[in-house]
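Visitor: sequence-free structure coming up:
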């Protein structure tokens, strides 16, 4: 993973929330929120919260006396999430590195992370931190995307971007969001971090957008793929977005489009 893979700044947070969240995150967000709320936790930590899509879904399901700490490495994303959430005395917003959490041992009943662990430069260290801050019997529930071939829009966009830069194809989507999908490896790394009880569930859903261009904007302009494109050509973002839109339309049709997405949900107990 390159340093640019972790940069969600400028207009990326707003585009991510407006285009990509409804495109691929909605079904997984509701599932994750239900799983965490079903544990009836009194103290919850969310790491790599991004634009706050899980925060908005989960907060409405937690008890009135629950305490919910929401963190992200990127302050711009956290700021965006806070403005979308609205006032809630139960929620504390805090910039934090998942590999060095600023919380004491055994502080939380549940730790949740949606599609964020793929960005950890050292996943075992991140898992060990989640283990450390969990109370005995507490749960760490997180999700990861399956391989890019099982996530159709992301795959098509990656190939379209490669066509624009054949000598140096941008590989952010394949490398990072879809680069950590080996469930055997995930289990081994959780075990190495101290978790001994875990379950892994694979969920396949349908990703839908009002148009091919909507999906192309989400991936090309609302993720760090944008950073890769602009590093190769400061004026190339529009061209790559056009290429991606045409490629999606060619495969999935004009007008509203739908494609397959697949991810894994992991629940580990301390």
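Guide: Now that the structure is in, tell me what you want to look at. Only a predicted model underlies this, so the values are computations on that prediction, with no experimental measurement involved.

Visitor: all strands of the stretch 1-150 of the chain, in order?
Guide: For the stretch 1-150 of the chain, the strands defined by DSSP state E, counting those that start in this stretch occupy 43-46, 67-72, 91-95, 108-114, 134-145.

Visitor: as a markdown table, those with mean neighbour count, mean pLDDT and distance to residue 189 would be great.
Guide: (Each C-beta comes from the backbone N, C-alpha and C, glycine too.) Converted to a markdown table, the strands of the stretch 1-150 of the chain look like this (neighbours: other Cβ atoms under 10 Å; pLDDT from 0 to 100; distance: least, Cβ to Cβ, whole Å):
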| stretch | mean neighbour count | mean pLDDT | distance to residue 189 |
| --- | --- | --- | --- |
| strand 43-46 | 24 | 98 | 19 |
| strand 67-72 | 23 | 97 | 21 |
| strand 91-95 | 16 | 96 | 25 |
| strand 108-114 | 26 | 98 | 14 |
| strand 134-145 | 21 | 98 | 11 |
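
Visitor: I'd like those laid out as a markdown table, including distance to residue 37.
Guide: Formatted as a markdown table, those follow (distance: least, Cβ to Cβ, whole Å):
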| stretch | distance to residue 37 |
| --- | --- |
| strand 43-46 | 9 |
| strand 67-72 | 11 |
| strand 91-95 | 15 |
| strand 108-114 | 9 |
| strand 134-145 | 11 |
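
Visitor: nearest to residue 164 among these would be which one?
Guide: strand 134-145 (23.2 Å; Cβ to Cβ).

Visitor: pull out the buried residues from the next helix or strand after the closest one.
Guide: Following strand 134-145 in sequence order, the next helix or strand is helix 152-164 (DSSP states H and E). Within helix 152-164, the residues scored as buried using 16 or more other Cβ atoms under 10 Å are 152-158, 160-162, 164.

Visitor: distance to residue 140 and pLDDT added to those, as a markdown table?
Guide: As requested, the buried residues of helix 152-164 are exported to a markdown table (distance: Cβ to Cβ, whole Å; pLDDT from 0 to 100):
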| residue | distance to residue 140 | pLDDT |
| --- | --- | --- |
| 152 | 29 | 97 |
| 153 | 29 | 97 |
| 154 | 26 | 97 |
| 155 | 29 | 98 |
| 156 | 33 | 98 |
| 157 | 31 | 98 |
| 158 | 30 | 98 |
| 160 | 36 | 98 |
| 161 | 34 | 97 |
| 162 | 35 | 97 |
| 164 | 39 | 97 |
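
Visitor: ok, so of these, who is nearest residue 226?
Guide: residue 161 (10.3 Å).

Visitor: report the beta-bridge partners for the spatially closest residue to residue 78 that is not a sequence neighbour.
Guide: Leaving aside its chain neighbours, residue 78 sits nearest to residue 72 (4.4 Å; criterion: Cβ to Cβ, 6 or more residues apart in numbering). Applying DSSP bridges to residue 72 gives these bridge partners: residue 95.

Visitor: test my guess that residue 72 contacts residue 95.
Guide: Yes: taking Cβ atoms under 8 Å as the definition, residue 72 is a contact partner of residue 95 at 6.7 Å.

Visitor: shared neighbours, the two?
Guide: Counting by Cβ atoms under 8 Å, 6 or more residues apart in numbering, the shared contacts of residue 72 and residue 95 are residue 78.

Visitor: pop out the phi and psi values for residue 73.
Guide: Torsion angles at residue 73 (phi, psi; degrees, to the nearest 10) stand at phi -70, psi -30.

Visitor: right, I mislabeled it, should have said residue 90
Guide: Dihedral pair for residue 90: phi -80, psi -20, per degrees, to the nearest 10.

Visitor: same question for residue 165.
Guide: phi -130, psi 70.

Visitor: got the contact list for it?
Guide: So residue 165 contacts 229, 232-233 (Cβ under 8 Å, 6+ apart).

Visitor: residue 97 too?
Guide: Residue 97 neighbours (Cβ under 8 Å, 6+ apart): residue 73.

Visitor: angles on the backbone of it, please.
Guide: Per degrees, to the nearest 10, the backbone of residue 97 is at phi -90, psi 120.
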